[in-house]
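Peer 1: I need the structure of the sequence given here:
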Amino acid sequence: MDKANNKALRGIAIPACPAILSQLMDELKSPHTNSKRIAELVYQDPGTSAIVIRTANSPLFGNGRRIASIADAIKTLGFDSLTNLVREALLQHSISTNNASLDRFWDSSRYTAIAGKRLASVVGKVNPDTAYTFGLFHDCGIPLLAQRYPEYKNVLREANKNIGPKTFTDIEEDALGTSHAIIGYYLGRAWGLSDAITQGILDHHDYTQLGDPRNINSEAYHLIAINVMAEYAASTHLRTVQDTEWARAREAVSICLGHTASDLDDIIDDLIYQLDEAKNRHEEKGM
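Peer 2: Prediction:
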C-alpha cells in the first residue's frame, strides 16, 4: 500500500476479505454452480449460516414463511440476496467493537440496505441487490473509526447534528484526518466490491456529485441518491438519531433520479409505512 493510502487509513487495519466470501463469489461466477454447492459453502461457517437464517426470517424480508435452512433461503430469496446476507454476517463478525453506543449500527445498516433495495425497485436506475450491498457497506468505516479513536463518539455526535455548510465527512476529517467514507472505500475494495459501489461509498456525503455527475460513475451517483432516501426511511422507522442528510440532499436527489422532491417524499413515506406494518405483523406472529 502506498504512502497516500497509509496516511488516509491513519493506522486502521482493514479486515481482509473472508475466505468463505471469496469462495462463494468464485462459485457464483461458475457456469456450473448450483444450490447444493452454495449451501455447502455457507454451512462451512456455522456462525455465518445461523446469522443468515435469522436475518432471512426477520420482518425486513417479509416472506410469509419460515426459512429453516440455507437451501430454503436460496429457494426463497435467490443467490444475490443470499450473497448479501452472507456479506452482512461476515462484515459484522469481522468488525467487532465493544462500544455500546454503536449497538444500533448494525440494525441501521441492515434497515438502510433493505430500504435501498425496495427504493431501487420503485425508482429504477440501479439493481436492487446492488443498492442493498451499498446500503450495507456505505457506513462500514464507522465502527472501525470507533475502534481506533476513543473520541470518535463525540465526532460522530457533532457530525450527526450538523446543519451547516460542512459535510459529515468534513467534520470527521477536521477532527481525525480521515473519514468513515475513506475507510469504507478501502474496505469495499479489499472485499471485492464493484468500482461503482466503492466510488459511491467514498463520495456518499458529497451531494454536489448528484447535480454535476461528470466526475463520477453513473451507477455510483444513483446509488448515493437512493441511499440518502433509504437512510432517512430507516432512521425514521427505527426512531434513532434524527437524520439531517435528507434535507441537505433532497433537491439534488430529485434532479438525479428524475422525480419531483414531493414525489420522493411520498415514496419514502410509503416505505416507512411498509416497514412499520411488516414489523407489526412480525410481532403479532411472535416470530
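
Peer 1: contacts, neighbours, all on C-alpha from now
Peer 2: Fine.

Peer 1: for the stretch 101-250 of the chain, which spans come out with low pLDDT?
Peer 2: Applying pLDDT under 70 to the stretch 101-250 of the chain picks out residues 101-103, 211-215, 241-242.

Peer 1: recalculate using a threshold of 80.
Peer 2: Within the stretch 101-250 of the chain, the segments meeting pLDDT under 80 span 101-104, 211-216, 240-243.

Peer 1: show me where it has its helices.
Peer 2: Secondary structure of the stretch 101-250 of the chain (DSSP state H, counting those that start in this stretch): helices located at 105-123, 128-137, 141-148, 152-161, 168-176, 180-190, 195-203, 208-211, 218-238, 245-257.

Peer 1: and the fourth one, what's buried?
Peer 2: The neighbour-count check on helix 152-161 (16 or more other CA atoms under 10 Å) flags Tyr152, Lys153, Val155, Leu156, Ala159, Asn160 as buried.

Peer 1: got these as CSV, with distance to Ala89 columns?
Peer 2: Below are the buried residues of helix 152-161 laid out as CSV (distance: CA to CA, whole Å):
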residue, distance to Ala89
Tyr152, 24
Lys153, 24
Val155, 27
Leu156, 24
Ala159, 27
Asn160, 26
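
Peer 1: circling back: for the helices of the stretch 101-250 of the chain, which one ends up most surrounded?
Peer 2: Most buried of the helices of the stretch 101-250 of the chain, by mean neighbour count (mean count of other CA atoms under 10 Å): helix 128-137, with a mean of 26.

Peer 1: out of the helices of the stretch 101-250 of the chain, which comes closest to Val42?
Peer 2: Among the helices of the stretch 101-250 of the chain, the nearest to Val42 by CA to CA is helix 128-137 (18.0 Å).

Peer 1: where do the domain boundaries of the protein fall?
Peer 2: Listed by automatic domain parsing, the domain ranges of the chain are 16-94, 100-287.

Peer 1: so which of those domains gets nearest Leu9?
Peer 2: domain 100-287 (6.3 Å).

Peer 1: before we move on, back to that, ok, which of the helices of the stretch 101-250 of the chain comes nearest Ser94?
Peer 2: Comparing the helices of the stretch 101-250 of the chain by CA to CA, helix 141-148 comes nearest, at 10.1 Å.

Peer 1: which strands and helices sit next to the closest one?
Peer 2: Secondary-structure packing of helix 141-148 (3 or more CA pairs under 8 Å, 6 or more residues apart in numbering; DSSP states H and E): helix 152-161, helix 180-190.
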